[in-house]
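Trainee: all I have is the shape, not the residue letters:
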């Protein structure tokens, strides 16, 4: 019987090989450890991410297959294109990271519950302060209508969560993220788990081995702040 590895809170940051992840539940690899910046960045470069609920230990995952979205392959429907042009949205990067992660963890917006517990929120806010985690915000009439956040390492953007309060707002955030990633020569967005919603937007499932090979080439040591060095107050939608 295969068992997951328990990580200590102190000591080496190594993870077991992703090939040791369980098939059921899909991708469960290890438990324990901590959510320090060093451990999180080590995990992401290996294609591992934390995902757990309140009352559980930290659980680390590497599912097979992996959902990914090539920025140039985003499917933009006619209704989404219309929302981008005419819905009155203002789009910004990194102007309200804390508000975005709070909305992504809002139980009123997620009937299935949230995995963004207090410790996860604190960890990703630290990543944001250190230049690794980023948010895309969609505003309308001065209110936050939707958005998403994730982690950028090398030429990989690891998507974490998105939310919407207004129709199409989260999809508009994804559209602007893809445009920005294309401009900056990123090769893919990691979408983690395969879902019908992601597939409808152009994501696809690839073998974990192929995903690991892409990370070995493109998830280079991070450059804090480098890929996203611009005025966070700039209204991106005003420039298209």
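Mentor: Happy to help now that I have it. Because the structure is a prediction, the values reported are computed rather than measured.
Trainee: please tell me how far residue 170 sits from residue 97.
Mentor: 16 Å (Cβ to Cβ, to the nearest Å). Every C-beta, even on glycine, is put in place using the N, C-alpha and C of the backbone.
Trainee: same for the helix or strand harbouring residue 41, what does it pack against?
Mentor: Using DSSP states H and E, the element containing residue 41 is helix 37-45. Judged by 3 or more Cβ pairs under 8 Å, 6 or more residues apart in numbering; DSSP states H and E, the packing partners of helix 37-45 are strand 49-50, helix 118-129, strand 143-153.
Trainee: what bridges to the most centrally placed residue in the chain?
Mentor: For the chain, the residue nearest the mean C-alpha position is residue 159 (1.7 Å; Cα atoms, centre = their mean). Each beta-bridge partner of residue 159 is listed here, defined by DSSP bridges: residue 150.
Trainee: test my guess that it contacts residue 188.
Mentor: No. Taking Cβ atoms under 8 Å as the contact criterion, residue 159 and residue 188 are not neighbours in contact, 10.0 Å apart.
Trainee: show me where this structure has helices.
Mentor: 37-45, 78-86, 97-104, 118-129, 169-183, 196-200, 208-218 (DSSP state H).
Trainee: low-confidence stretches in the chain?
Mentor: Within the chain, the stretches with pLDDT under 70 are 1-2, 10-11, 107-114, 221-235, 237-240.
Trainee: what are the structural domain limits within it?
Mentor: For the chain, automatic domain parsing gives the domain ranges 5-63, 67-239.
Trainee: how far away is the residue lying closest to residue 151 once chain neighbours are set aside from residue 69?
Mentor: In this structure, residue 151 finds its nearest non-sequential neighbour in residue 158, 4.4 Å apart by Cβ to Cβ, 6 or more residues apart in numbering. Relative to residue 69, residue 158 is positioned 11 Å away (Cβ to Cβ).
Trainee: all set, thanks.
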